[in-house]
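In: Return atomic coordinates for the entry below.
(one chain, ligands or ions: 1)
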Amino acid sequence: MKIGVFDSGVGGLSVANAIKKSLPELEIEVREDKRHVPYGTRPPAEILGFIKPIFQRLVDEGCQVIVIACNTVSTNLMPELRRLFDVPLIAVEPMVKYAAKLTKSNVIVVCATPTTLASPRYRYLKGRYARSIQVLEPDCHDWAYMIQHNEIDERKIRDRLEASLSKNADVIVLGCTHYHWIEQQVKTIANGRAQVIQPEPVVVQQLRQLLAQLA
Ligand code: DGL
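Out: Numbers count the residues shown, from 1 in each chain. This next block holds a predicted model:
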């Protein structure tokens, strides 16, 4: 079976690699929007205009499932995308619910793009699962750009995370798939003070379940 994996940029590759490792029998079409990356500082309506033709092409090429490996897209545009496309969609989103379950200090950090943090879905997740928890949202507006262009400023990332860790945060949510590429650096910075979580295992599990249903 052929599936599509979409992100604005290199975040999709990280998710596709995780899928490939667990489900090697799948044919995977990875699509990036190299012309418009990063998405995370753009308004949702503009992003929708970019992704409509890309999704349509994936469907036309015979992808039977599309994995939306982009939190910025999934937290803002899922209702529209479900209306527009008939194929099953699987999407990442910031793991606020799981982080709220894991935290002992009741302080969590969500690293995500500005457009994700401003989204209705993210607001819903916080209100539903983290009402009694302090959610810190460090300024990560330039992280996707840094990672996409391989210009990672470790000091900047460390400074922003340290500010949250010093407030007793014990879970760090990687709420942008680009940040999966710096997971190891984030873990090193956390140095045992916080768990670092990201959704690749969940995506693989959801995909496995969906494929079983489609078989
Ligand atoms: N990797 C995407 C996400 O998960 C988008 C990053 C960007 O293009 O700003 O949000």
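
In: ok, residue 164 touching residue 135?
Out: No - counting by C-beta atoms under 8 Å, residue 164 sits too far from residue 135 to count as a contact (10.1 Å). Any C-beta I mention is one placed from the backbone N, CA and C, and that applies to glycine too.

In: Residues that sit against both of the two, list them.
Out: Residues touching both residue 164 and residue 135 by C-beta atoms under 8 Å, 6 or more residues apart in numbering: residue 109.

In: SS state for residue 6?
Out: Recorded secondary structure, residue 6: strand (DSSP: H, G, I helix; E, B strand; the rest coil).

In: Could you number the chain from 895 rather than 1 from now on?
Out: Understood, numbering begins at 895; the last thing we discussed is residue 900.

In: for the closest residue to it other than its chain neighbours, helix, strand, or coil?
Out: Nearest non-adjacent residue to residue 900, counting by C-beta to C-beta, 6 or more residues apart in numbering: residue 925, 4.9 Å away. Here residue 925 is recorded as strand under three-state DSSP.

In: tally of neighbours for residue 1021?
Out: Here the number of neighbours of residue 1021 (other C-beta atoms under 10 Å) works out to 10.

In: What distance do you get for it to residue 963?
Out: To residue 963, residue 1021 is 25 Å away according to C-beta to C-beta, to the nearest Å.

In: and what of residue 1098?
Out: The spacing between residue 1098 and residue 963, counted by C-beta to C-beta, is 12 Å.

In: These two: who's more crowded?
Out: Legend: neighbour count by other C-beta under 10 Å for residue 1098 and residue 963, higher for residue 963 (33 against 19).

In: so who does the more buried one touch?
Out: Taking C-beta under 8 Å, 6+ apart, one finds 899, 900, 901, 905, 906, 908, 909, 910, 986, 1071, 1097 in contact with residue 963.

In: for those, which one is nearest residue 936?
Out: Distance to residue 936, by C-beta to C-beta, is smallest for residue 901 among the contacts of residue 963, at 14.1 Å.

In: Might you enumerate the residues of this structure proximal to the ligand?
Out: Residues of the chain lying close to the ligand by C-beta under 6 Å from any ligand atom are 901-903, 905, 931-934, 964-966, 1007, 1010, 1038, 1070-1072.

In: Swap in 5 Å and give it another go.
Out: 901-902, 905, 931-934, 964-966, 1007, 1038, 1070-1072 (C-beta under 5 Å from any ligand atom).

In: So what's the residue count around the residue in the chain positioned nearest to the ligand?
Out: In the chain, the residue that lies nearest the ligand is residue 934 (2.8 Å; C-beta to the nearest ligand atom). Neighbour count of residue 934, defined by other C-beta under 10 Å: 26.
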